[in-house]
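K.L.:
compute the structure for the input listed below.
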Amino acid sequence: MDMLWNGWGDPAKAAPLPESVTGLLRDLLGVKPRSTPALALDDLDLPAPTARPAALAALAEAVGGAEHVRTDAESRIRHTRGKSTPDLLRIRTGDLSDVPQAVALPATHDEVLAVLRACADHGLAAVPFGGGTSVVGGLAPERGAFVALDLRRMDALLDLDPVSRTAVLQPGLRAPEAEALLAEQGFTLGHFPQSFEWASIGGFAAARSSGQASAGYGRFDEMVLGLTLATPEGTVETGRAPRSAAGPDLRQLILGSEGAFGVITSVTVRVRPLPETKVYEGWRFASFEEGAAALRRLAQDGPRPTVLRLSDETETLIGLASPDKIGAGLGRSDAGCLAITGYEGTPEETAYRRERAAAVLTACGGTPLGTESGERWAHGRFSAPYLRDALLDVGAFAETLETAAFWSRVPELYAAVRTALTNTLTEAGTPPLVMCHISHVYENGASLYFTVVSAQGEDPVAHWTPAKHAANEAILAAGGTISHHHGVGTDHRDWYVRETGELAVEALRAVKRRLDPDGLLNPGVLLPTD
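P.N.:
So this is what the prediction gives:
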């Protein structure tokens, strides 16, 4: 099944907002219904591809037949950009300026190499496409004609080594299918980002994804033991042992490279036994500062839960996890901040960690709320993108951004980003709700995940751009990183260059020139084009 072409996920799960919520948006933020009806897929007028017949024939030969090269309008539209709010707003108004010439579907590593050769021979750029869930402009290259290289046919579990607890997965395997295949043999990756239902294994590696259970299982890049990369110049293989001192770790060049250096065609990951028990529970803290201090205690001194996250006062009041109850907490003076803790493992291990963590959280001022709020979060953990689409449908603007910093900088970072977003959007005439939660914790720092809701304004994309830029500036000024898990794409590229420094960027350019001398791989994504 394909995702909604103009929204997120399964069309059967897309539901309108309750009238009580639309009324709340109208009263709080001045949200008005859209003045023009949404376009249907059949309303979009997409001209035939301009790529020469010889180029399409070369692509067909590369992937084993013309049936694996799609040039119909619907296939091309479904491979246009990603799923950020600006991406969706553009396509909903019929902006198809970033549509691919064709969609190629290789089934093997060698076929990927052949597609790249065909693209090089015919002057076409190539954009790897996994689940299509990028929210940072990672699927909108800055070069004219391009081919979307859809990896969905590369969707196998190639090997599982139960002794070493490793698995070799193909890049087009979507996360739910990967978990199902591993579960059949008693294992799990434990990687559950918000995009879990649609994102792919290759995309997790290419964007350095981080799952909601990262406190227990780690980030995806920490799970990766080896990679195979197809480039226009040949194949790169990395990872022949769990750790090595044989020079720099080339996996780190591929992880997070977002298709700019090559196409990931297999990933070797560590896996863990399926947990026998899963328990999620809620805790209340009087303030975000108090809750953050409690999370830091657990992250640094343990015991660390598998899931550990904290919503600020505004996010707790609004209650994003329950669309039918949004705003139910408004007016309450005792809402505080909601923390979610989760424990996975054997019954004995889970009970031990839960008891010890509860002692720490209580000592830090936390009040236990039981398992109801934790289980409610677990049940709705992948639903937020559907809520975002429903907000767009009624004329609200909703977008997210994230960052991370060392613990000592988290308070300043939190305040700076909130202020930048609030001031910029208020000055533009659309005062926002700015919500935040700590989504991932480490011994030395944490990630902050912001959600912004406002009225759309006359031109929603142009309206949002200054606010996004102001937030990016605030992140760098406060010592944060421009992205913790969404990636760089084109949206963050200029700030990534500033964060990394010109010399480091030139070193990465040199890598790209060697692996992709014609600059055909995702041009303009991650690195500026020459």
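K.L.:
surely residue 125 and residue 523 touch.
P.N.:
Yes: under the criterion of Cβ atoms under 8 Å, residue 125 is in contact with residue 523, at a separation of 5.4 Å. All C-beta atoms are positioned from the backbone trio N, CA, C, and that covers glycine.
K.L.:
anything in contact with each of those two?
P.N.:
When contacts are counted by Cβ atoms under 8 Å, 6 or more residues apart in numbering, the set common to residue 125 and residue 523 consists of 141, 143.
K.L.:
ok, residue 392 to residue 83 distance?
P.N.:
In this view, residue 392 and residue 83 are 12 Å apart by Cβ to Cβ, to the nearest Å.
K.L.:
same check on residue 222?
P.N.:
25 Å.
K.L.:
between these two, tell me which one has more neighbours.
P.N.:
residue 83 (24 against 14; other Cβ atoms under 10 Å).
K.L.:
and that one, helix, strand or coil?
P.N.:
Classification of residue 83 by DSSP: H, G, I helix; E, B strand; the rest coil places it in coil.
K.L.:
next up, the contacts around it.
P.N.:
Counting by Cβ under 8 Å, 6+ apart, residue 83 has contacts 3, 8, 132, 133, 134, 135, 385.
K.L.:
isn't the second one right up against residue 383?
P.N.:
No: under the contact definition of Cβ under 8 Å, residue 8 does not touch residue 383, with a separation of 9.7 Å.
K.L.:
what about the strands in the stretch 101-250 of the chain?
P.N.:
102-104, 125-129, 146-150, 157-161, 166-169, 187-188, 224-231, 234-238 (DSSP state E, counting those that start in this stretch).
K.L.:
flag the shaky bits of the stretch 201-350 of the chain, pLDDT-wise.
P.N.:
For the stretch 201-350 of the chain, the stretches with pLDDT under 70 are 320-334.
K.L.:
please redo it, this time with the cut-off set to 80
P.N.:
The model of the stretch 201-350 of the chain has pLDDT under 80 over residues 320-335.
K.L.:
next: the chain.
P.N.:
Confidence mapping of the chain against pLDDT under 80 gives the ranges 1, 34-38, 143, 320-335, 530.
K.L.:
residue 344: what secondary structure?
P.N.:
What three-state DSSP gives for residue 344 is strand.
K.L.:
report the separation between it and residue 167.
P.N.:
Distance of residue 344 to residue 167, given as Cβ to Cβ: 18 Å.
K.L.:
quick check: bridge partners of the residue nearest to residue 377 when sequence neighbours are not counted?
P.N.:
Leaving aside its sequence neighbours, residue 377 sits nearest to residue 340 (Cβ to Cβ, 6 or more residues apart in numbering; 5.0 Å). For residue 340, the residues forming beta bridges with it (DSSP bridges) are residue 282, residue 309.
K.L.:
mind listing what residue 340 touches?
P.N.:
Here residue 340 is in contact with 280, 281, 282, 283, 307, 308, 309, 310, 373, 374, 377 (Cβ under 8 Å, 6+ apart).
K.L.:
now the helices for the stretch 151-300 of the chain?
P.N.:
For the stretch 151-300 of the chain, helices defined by DSSP state H, counting those that start in this stretch occupy the ranges 175-183, 201-206, 214-217, 220-223, 251-254, 288-301.
K.L.:
coming back round to it: closest to residue 16 out of the strands of the stretch 101-250 of the chain?
P.N.:
Closest to residue 16 of the strands of the stretch 101-250 of the chain, according to Cβ to Cβ: strand 125-129, at 29.5 Å.
K.L.:
how far out from the middle of the chain is that closest one?
P.N.:
18 Å (Cα atoms, centre = their mean, to the nearest Å).
K.L.:
relative to strand 224-231, how tilted is it?
P.N.:
With axes from the mean of the first three to the mean of the last three Cα atoms, to 10 degrees applied, the angle from strand 125-129 to strand 224-231 works out at 150 degrees.
K.L.:
same for strand 125-129, what does it pack against?
P.N.:
Helices and strands touching strand 125-129, by 3 or more Cβ pairs under 8 Å, 6 or more residues apart in numbering; DSSP states H and E, are helix 109-121, strand 146-150, strand 263-270.
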